[in-house]
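**Q** Build me a structure from this.
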Amino acid sequence: MPDATSPAVEVAGLVMTYGDKVAVDHLDLRVERGTITAVLGPNGAGKTTTLETCEGYRKPQQGEVRVLGLDPQRQRRELLPRIGVMLQDGGAWSGVRAVEMLRHVARLHAHPLDVDALADRLGLGDCGRTPYRRLSGGQQQRLKLALALVGRPELVFVDEPTAGMDPAARRTTWELLRQLRADGVTVVLTTHHMDEAERLADLIHIIDRGRVIATGTPLELTRGNTSTIRLVVTKPFPDGAPDSLQAALGGHMEVTTISEVSLLVTGPADSTTLAVVSAWCEQQGVLPESLNLGQRTLEDVFLETTGRELA
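**A** Numbers count the residues shown, from 1 in each chain. This is a model prediction of the structure:
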């Protein structure tokens, strides 16, 4: 029997390849029970492949994966009734009505949630008779989340749960995910919204090039006396601009390229640092569109660790 005190998800040495491309490179990852854990990564980082392996859609080529103490491949029939998966694409028939689809899925489970209560909680009551293809993007997301939750899962994987939602629906979804955690449900969250991960997650794993490159709570990842300066200019930087700015600032600051018109300066920044950046812009003949000093955010950490935007 699986140990109820074991992690909800444990991945050890996972390797997944597509031809010559290594998508997941000896990755280790752990999700504790009763938590919200965010798994973040730029496109092509191996995040989706890793989670699809945990959900049982892909067979590990190397390494070991355990979900609720079970092998997602060999013990799939035992595992499926205990997990919920919110798909980013698909999951409902084009012509089916929202609540009709929810009732159908509920009947597949032994002890489903009350369909009407769940639909009302997620704001689906008013669109319950609308065909899926005619729902707005936010309404489709809410239905996908409801489909993942209606079976009372112990563990739920949610992919971009608030994409396309208005602010009110987004807050309602956040409250529901927090309530799931309070009820002992484990949530694995993937999102492109840094504020969503920062507000909801107990622990964050950042994946890039098939490996976990940073792990910690939002506070652990962003704390310290580190500040940031975001420099955005009106036209692309000249060649060698990051190295030139790095030399002007000295070794106590770090310059990261965000795009051809944006740089991120990280370190113990102050008004003197701002003055150096401003003088450098004048010397390089570039016109700042914005020059902002602030505390390091999760987005800053993501850019520093991956060198890429989460897009």
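**Q** from here on, contacts and neighbour counts on C-alpha atoms
**A** Will do.
**Q** From V65, how far out is H109?
**A** Separation of H109 from V65 (Cα to Cα, to the nearest Å): 25 Å.
**Q** the more surrounded of those two?
**A** When neighbours are counted by other Cα atoms under 10 Å, H109 and V65 differ, and V65 comes out ahead with 26 against 14.
**Q** give me every residue that touches the more buried one.
**A** By Cα atoms under 8 Å, 6 or more residues apart in numbering, the contact list for V65 reads V9, E10, V11, A12, L14, T53, C54, D71, P72.
**Q** Throw together a PyMOL command that grabs the buried residues out of the residues you listed.
**A** Per 16 or more other Cα atoms under 10 Å, the buried members of the contacts of V65 correspond to this PyMOL selection:
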select buried, resi 9+10+11+14+53+54+71+72
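**Q** of all the contacts of V65, which comes closest to F157?
**A** Using Cα to Cα, C54 is the member of these that lies nearest F157, at 9.5 Å.
**Q** gap between the closest one and P153?
**A** Between C54 and P153 the computed distance is 15 Å (Cα to Cα).
**Q** so where's the chain shaky on pLDDT?
**A** Low-confidence segments of the chain (pLDDT under 70): 1-4, 90-91, 224-225, 308-311.
**Q** where do the strands sit along it?
**A** Remark: strands assigned in the chain by DSSP state E are 9-18, 21-31, 36-40, 62-67, 83-86, 155-159, 186-190, 203-208, 211-216, 227-233, 254-259, 262-267, 288-295.
**Q** In JSON lines: these, plus distance to G137.
**A** Shown next, in JSON lines, are the strands of the chain (distance: least, Cα to Cα, whole Å):
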{"stretch": "strand 9-18", "distance to G137": "30"}
{"stretch": "strand 21-31", "distance to G137": "29"}
{"stretch": "strand 36-40", "distance to G137": "22"}
{"stretch": "strand 62-67", "distance to G137": "30"}
{"stretch": "strand 83-86", "distance to G137": "14"}
{"stretch": "strand 155-159", "distance to G137": "14"}
{"stretch": "strand 186-190", "distance to G137": "18"}
{"stretch": "strand 203-208", "distance to G137": "27"}
{"stretch": "strand 211-216", "distance to G137": "31"}
{"stretch": "strand 227-233", "distance to G137": "32"}
{"stretch": "strand 254-259", "distance to G137": "29"}
{"stretch": "strand 262-267", "distance to G137": "31"}
{"stretch": "strand 288-295", "distance to G137": "33"}
